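> 3D, please:
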Amino acid sequence: GHHHTIMMKFVAACLLLACVCSARPWMNPNEDPAVRAAKLLEQMEWPEKFSLLHGVGGDYVGNIPSVPRLGVPAILMNDGPQGFRTSDKYAGTTTSWPSGLTIATTWDPELAFLWGEAQGKEFIGKGANVQLGPGLNVARVPVNGRNFEYLSGEDPVLGAKIVNPVIRGIQGQGVIANAKHYVQNNQETNRGSVSENVDERTQWEIYYPPFQAAVDAGVLSIMCSYNKINHIYSCENFDSLTTSLKRGMGFNGWVMSDWGATHSTVQSANAGLDQEMPDGTFFGTALVSAWQSGLVTNATINDKVTRILTAMFAAGLFDRAPEGDIAANVTSPAHNHLARVIAGAATVLLKNNGILPLPATAQKIVLVGDWAANPQVHGGGSGAVAAPYVITPVMGVQTHANPSSTITYCSTSQAQQAVAAAASADVVIYVTGTNSGEGRDRVNLALPDNDVALMGQIVAAQPKTVLVALNPGAIIFPYTENASAAIAMFMPGQECGNALADVLFGDVNPSARLPVTFPNKENEVGFTQAQYPGLPASDPENATYSERLQIGYRWYTANGVAPKFPFGHGLSYTTFGYSNLQLATGSSEAVVATASFTLTNTGHVAGAEVAQLYIGFPASAGEPPRQLRQFGKYFLQPGASQTVEFTLSDRDVSIWDVVVHDWARVQGSFNIFVGASSTDIRLTGQVTL
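Numbering: from 1, shown residues only. Here you go, the predicted model:
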């Protein structure tokens, strides 16, 4: 009887499935998402279609209602690019991860994948199915308030190589990722009115590649930004949304507006905006009216709905019951541990005269600075995540230090005590920092005045000082030349103090690299007001990209200026040797040239090196003299060697041709630079292509 019952259940299940599939032919999970979307679209009434094209009120940051008649689930979106941002009611129920730019400092695609995957798990656990991240904008303006959120740092290739695994990690969990803010949202000052005026070649060579990489990774949604691009608002800009993104890059997902970034109905709908967020000001009844009067066609509406449905099918939203709960606590020991591992891997050792790692004999440890006891570990705005706890630097050092050592803490205002304690210390750890957030840019790149004043006194009293900064991007970092060591942690999240102690005491051998240049002084690249924040000072402002390709380290190398700490820089507790560069030409579009070399750990401890390959185009191409094209992180035991091979593709040796509006291969002699940063070049050669 038992077998018979199971058999009858099986038959019943098959009949149910057959019934579902005949009544709802789009419910066959083995079919292609685009095929399923087409079948569902045929059955949708026009009001049901329009309901997908704008947000409504709800529990999440963004809410698109379900269509119960057809079994279409609700789309539930939440901030942000570095973790699930809760309401105050549920504060502390999600992990406060290292920020997007902090991930870029690892130069490690494998860690980037784990970071994306873990966030995807938390979003599912919270009942959301769209993560409003990652952020990808390239850091044109060092003081930009949102640089902390962006995976690219100041380089499009770094961004492209880091975003791919992040998208795969998030979407592998059944969460739709959202690449933002498309595009040229490179300052927060006047972001709602400024026109970012940039030529086509600069867009394609500097600002588009991270978004192209997101598209290539299969990203299912993209967010258009608040700013104008060449005088037209981003969310009603046919050139950026349709010509560049949907046609040029081949994006098949849907475009949603940033919250309140829609400014029109007909122009936005026909330019390529698919969904207005967070409400229906322009895409509610106004869109229906525009459609009824023929200003927006059936085909245009159907294309928008198809894009949204295809993405939902691709993410598996139709094939699983809704799960998760906005009230759930989705933190875990595993995620706390991963947050610590990533923060340690993202800790940049800028300078070390041998004081680090701290010896067990360091008995008198003095911590100084307000940030040592009360650090700000994440940026502000929609990218903020209220941490369940924060391990401060003081806590981290106390936990790690030898039990017999004495640990003293002095705040920034306790200047006299701090200087006196420092003078007799075995080591001083001075922790300072600055922060930023959405909606405004930083006033400057400076650390707090009171910290800068005290740091000067401390390093004078005790040269055995380690300076540690928490930073949302580039900073002016004074007194590093007088200190024994200097560290930048970026925005490390809740495990800040443990990650710092892991590096200070040598449990973690640092391997992070700067994703942005640290300058010697404010506005070292010499931006005029016309370039940033724009002219005239009142609306409408125009930010003119007259520097074209020369941002970040590209400007420094082109102008022969040595920065304080260069792009790609970061030290280890071991040393690495580069030798035996071999260059060869290839015969396919994917491999037009190869560069192989030997990388050797020449020191006494195991560690990882981020080897970097930069190229210089023939002069006729009009490119900056040195540009990142490949990198890899290689872990080696002391004395061990590895052959590293980097390849260059057709695209790597092409420039954007504004006549044909496409990539054009450059021919001639290319300079090849292999090294440990954008300035620490160890091997050079030439290859003629």
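> hang on, Phe283 packs against Leu52?
No. With contact defined as C-beta atoms under 8 Å, Phe283 does not count as touching Leu52 (9.9 Å). The way it works is simple: take the backbone N, C-alpha and C, and place the C-beta from them, glycine included.
> Report the set of residues contacting both of the two.
Taking C-beta atoms under 8 Å, 6 or more residues apart in numbering as the contact rule, Phe283 and Leu52 both touch Gln275.
> Would you state the strands of the stretch 551-689 of the chain in chain order?
Ranges of strands within the stretch 551-689 of the chain are 576-585, 593-601, 607-616, 627-636, 641-648, 654-657, 662-665, 669-675, 681-688, based on DSSP state E, counting those that start in this stretch.
> looking at these, which is closest to Trp259?
For the strands of the stretch 551-689 of the chain, distance to Trp259 was read as C-beta to C-beta. The smallest value, 31.6 Å, belongs to strand 654-657.
> In the sheet, which strands lie alongside that closest one, parallel or antiparallel?
strand 662-665 (antiparallel) (DSSP bridges).
> Let's have the strands of the stretch 551-689 of the chain in TSV, adding distance to Gly125, mean neighbour count and mean pLDDT.
Listed next are those as TSV, based on distance: least, C-beta to C-beta, whole Å; neighbours: other C-beta atoms under 10 Å; pLDDT from 0 to 100:
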stretch	distance to Gly125	mean neighbour count	mean pLDDT
strand 576-585	41	15	98
strand 593-601	40	19	98
strand 607-616	32	22	98
strand 627-636	30	19	98
strand 641-648	39	16	98
strand 654-657	42	17	98
strand 662-665	42	13	97
strand 669-675	43	20	98
strand 681-688	46	15	98
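> export these to a markdown table and tack on distance to Thr243?
A markdown table is the format used below for the strands of the stretch 551-689 of the chain (distance: least, C-beta to C-beta, whole Å):
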| stretch | distance to Thr243 |
| --- | --- |
| strand 576-585 | 34 |
| strand 593-601 | 31 |
| strand 607-616 | 28 |
| strand 627-636 | 25 |
| strand 641-648 | 28 |
| strand 654-657 | 14 |
| strand 662-665 | 12 |
| strand 669-675 | 30 |
| strand 681-688 | 34 |
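> Please look at Ile206 and Val138 and confirm they touch.
Yes. Ile206 is in contact with Val138 according to C-beta under 8 Å; the separation is 5.9 Å.
> Please enumerate the shared neighbours of those two.
With C-beta under 8 Å, 6+ apart as the test, Ile206 and Val138 both reach 156, 551.
> circling back: ok, which of the strands of the stretch 551-689 of the chain comes nearest Trp254?
Of the strands of the stretch 551-689 of the chain, nearest to Trp254 by C-beta to C-beta is strand 662-665, at 25.3 Å.
> Enumerate every residue touching Lys364.
So Lys364 contacts 405-406, 408, 424-427 (C-beta under 8 Å, 6+ apart).
> How confident was the prediction at it?
Predicted confidence (pLDDT) for Lys364: 97.
> And Ala18, by the same measure?
At Ala18, pLDDT is 49.
> Out of the strands of the stretch 551-689 of the chain, which is closest to Lys39?
Closest to Lys39 of the strands of the stretch 551-689 of the chain, according to C-beta to C-beta: strand 662-665, at 35.3 Å.
> List the contacts of the closest one.
Looking at what lies outside strand 662-665 - C-beta under 8 Å, 6+ apart - the contacts are 204, 650-651, 653-657, 689.
> try stretch 435-443
141, 143-148, 187-189, 191, 376, 379-384, 434, 470, 472-473, 491, 533.
> Please flag which of those sit within strands.
Secondary structure from DSSP state E places Leu470 of the contacts of stretch 435-443 in strands.
> Just the buried residues out of the contacts of stretch 435-443, in PyMOL syntax.
The buried subset of the contacts of stretch 435-443, as determined by 16 or more other C-beta atoms under 10 Å, is captured in PyMOL by this line:
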select buried, resi 141+143+144+145+146+147+148+187+188+189+191+376+379+380+381+382+383+384+434+470+472+473+491+533
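> contacting residues for the residue positioned nearest the centre of the chain?
For the chain, the residue nearest the mean C-alpha position is Leu151 (2.0 Å; C-alpha atoms, centre = their mean). Going by C-beta under 8 Å, 6+ apart, Leu151 touches 100-101, 103-104, 112, 134-136, 159, 162-163, 166, 210.
> try Ser234
181-185, 224-228, 240-241, 261.
> From the residues you listed, pick the one nearest Glu42.
Leu241 (26.4 Å).
> which SS state does the closest one fall under?
helix (DSSP: H, G, I helix; E, B strand; the rest coil).
> doesn't Thr408 make contact with Ala401?
No. Using C-beta under 8 Å, Ala401 is not in contact with Thr408, being 11.5 Å away.
> Give the residues shared as contacts by the two.
Ile365.
> More neighbours: these two, which one.
Ala401 (19 against 16; other C-beta atoms under 10 Å).
> In terms of pLDDT, where does that one sit?
For Ala401, the model assigns a pLDDT of 94.
> Over to the one 5 residues further on?
Looking at Thr406, its pLDDT stands at 97.
> just Pro359 next, same as before
Looking at Pro359, its pLDDT is 89.
> Mind telling me what element it is part of?
According to DSSP states H and E, Pro359 maps onto no helix or strand at all.
> count of neighbours near it?
Using other C-beta under 10 Å, Pro359 has 13 other residues around it.
> which residue ranges form the helices in the stretch 251-400 of the chain?
266-271, 285-292, 298-314, 333-345, 370-373, 393-400 (DSSP state H, counting those that start in this stretch).
> Who are the packing partners of the last one?
Okay, so that is helix 393-400. Applying 3 or more C-beta pairs under 8 Å, 6 or more residues apart in numbering; DSSP states H and E, one finds that helix 393-400 contacts strand 364-368, helix 370-373, strand 406-410, strand 427-433, helix 496-504.
> re the thing from before, can you tell which of the helices of the stretch 251-400 of the chain is closest to Val508?
Of all these, it is helix 333-345 that lies closest to Val508, at 4.1 Å by C-beta to C-beta.
> C-alpha coordinates for the closest one, PDB please?
Provided in PDB are the C-alpha atoms of helix 333-345 (Å, rounded to 0.1, in the frame of the first residue of the first chain):
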ATOM      1  CA  PRO A 333      29.400  33.700  12.900                       C
ATOM      2  CA  ALA A 334      30.400  32.700   9.400                       C
ATOM      3  CA  HIS A 335      29.600  36.200   8.000                       C
ATOM      4  CA  ASN A 336      31.300  37.900  11.000                       C
ATOM      5  CA  HIS A 337      34.400  35.800  10.200                       C
ATOM      6  CA  LEU A 338      34.200  36.600   6.500                       C
ATOM      7  CA  ALA A 339      33.900  40.300   7.300                       C
ATOM      8  CA  ARG A 340      37.100  40.100   9.400                       C
ATOM      9  CA  VAL A 341      39.000  38.200   6.700                       C
ATOM     10  CA  ILE A 342      38.000  40.700   4.000                       C
ATOM     11  CA  ALA A 343      38.800  43.700   6.200                       C
ATOM     12  CA  GLY A 344      42.300  42.200   6.900                       C
ATOM     13  CA  ALA A 345      42.800  41.600   3.300                       C
END
